[in-house]
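S.K.: With the input below, show me the fold.
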Amino acid sequence: MNWAFDLVLLALLVAAAVVALRVRQLVATVAVLSIYSLLSALLFANMGAVDVAYVEAVLGSALSGVLMLVAVLITDNVRTSRSRRAQWFAIPVVGALVVLLMVGTSGLPDRGDPNAPATVGVGADYIERTLADTDTPNPITSILADYRGTDTMGETAVVFTAALAVGLVLRRGLRTGATP
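M.R.: Model prediction:
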């Protein structure tokens, strides 16, 4: 039954990607891309990669969506009273986002804290067993390449795809003479 949910999510991801390519309004495109990111987070969570799902939901769907909407509203080419209002609306939105991020990160442990959740429990076990399990003397390398190789490969593919998309957009802008 789990695979059926994966197939439904995959179909919705493909549909969202097609809609994002077909929509002509930037605000609608941003909304569809936020939905795509949220569906990706659900797919990651269903596959058991809850940490990647959480990051995708927070950064990909929420934070990026808000920042892209603010950017679209601020950088309107036609100066209208609506775009001026949007600029004034964007300032408190970005300010609220900064405050929200500061409040959200205030409860995190200090850097290098030996009692932080990352350094007790499974983290200590990784450090102790890394050489025996993976024949890799560096614990960070063994975690990224051996223990979490599939996640690392997926994240690398996402970064590569984003870089490729930006390169294609910039190349198109240079070819047409438009400023990207």
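
S.K.: And the residue nearest the centre of the chain, how far from Ser40?
M.R.: A centroid search over the chain (Cα atoms, centre = their mean) returns Gly60, at 3.2 Å, as the residue closest to the centre. Distance check for Gly60 against Ser40: by Cβ to Cβ, to the nearest Å, it reads 7 Å. Any C-beta I mention is one placed from the backbone N, CA and C, and that applies to glycine too.

S.K.: what's the average pLDDT for the helix ranked longest in the chain?
M.R.: As assigned by DSSP state H, the longest helix anywhere in the chain is helix 149-176. Averaged over helix 149-176, pLDDT sits at 72.

S.K.: That one - contacts with which helices or strands?
M.R.: Judged by 3 or more Cβ pairs under 8 Å, 6 or more residues apart in numbering; DSSP states H and E, helix 149-176 is in contact with helix 50-55.

S.K.: Quick one: list the elements packing against the helix it packs on.
M.R.: helix 26-46, helix 149-176.

S.K.: Go ahead and name everything in contact with it.
M.R.: Contact with helix 50-55 is made by 41-45, 151, 154-155, as judged by Cβ atoms under 8 Å, 6 or more residues apart in numbering.

S.K.: just curious, which of the residues you listed is nearest to Leu13?
M.R.: Comparing those against Leu13 with Cβ to Cβ places Leu43 closest, at 6.9 Å.

S.K.: Count the residues that sit near the closest one.
M.R.: 20 (other Cβ atoms under 10 Å).

S.K.: Once you drop chain neighbours, what's closest to it?
M.R.: Nearest residue to Leu43 in three dimensions, chain neighbours excluded: Leu9, at 4.6 Å (Cβ to Cβ, 6 or more residues apart in numbering).

S.K.: Help me confirm that that neighbour comes into contact with Ala45.
M.R.: No. Checked against Cβ atoms under 8 Å, the pair Leu9 and Ala45 is beyond contact range at 9.8 Å.

S.K.: before we move on, the earlier item: what about the residue nearest to the centre of the chain, which SS state?
M.R.: helix (DSSP: H, G, I helix; E, B strand; the rest coil).

S.K.: shift numbering so it begins at 180
M.R.: Sure thing, new numbering starts at 180, so read that last one as Gly239.

S.K.: ok, Ser219 - contacts?
M.R.: Here Ser219 is in contact with 192, 235, 239 (Cβ under 8 Å, 6+ apart).

S.K.: wait, what's in contact with the last one?
M.R.: Spelled out, that is Gly239. Neighbour list for Gly239: 213, 216-217, 219-220 [criterion: Cβ under 8 Å, 6+ apart].

S.K.: how about the helix or strand hosting Val187: buried residues?
M.R.: Assigned by DSSP states H and E, Val187 falls within helix 181-201. Neighbour-count burial for helix 181-201, counted by 16 or more other Cβ atoms under 10 Å, picks out 188, 191-192, 195, 198-199.
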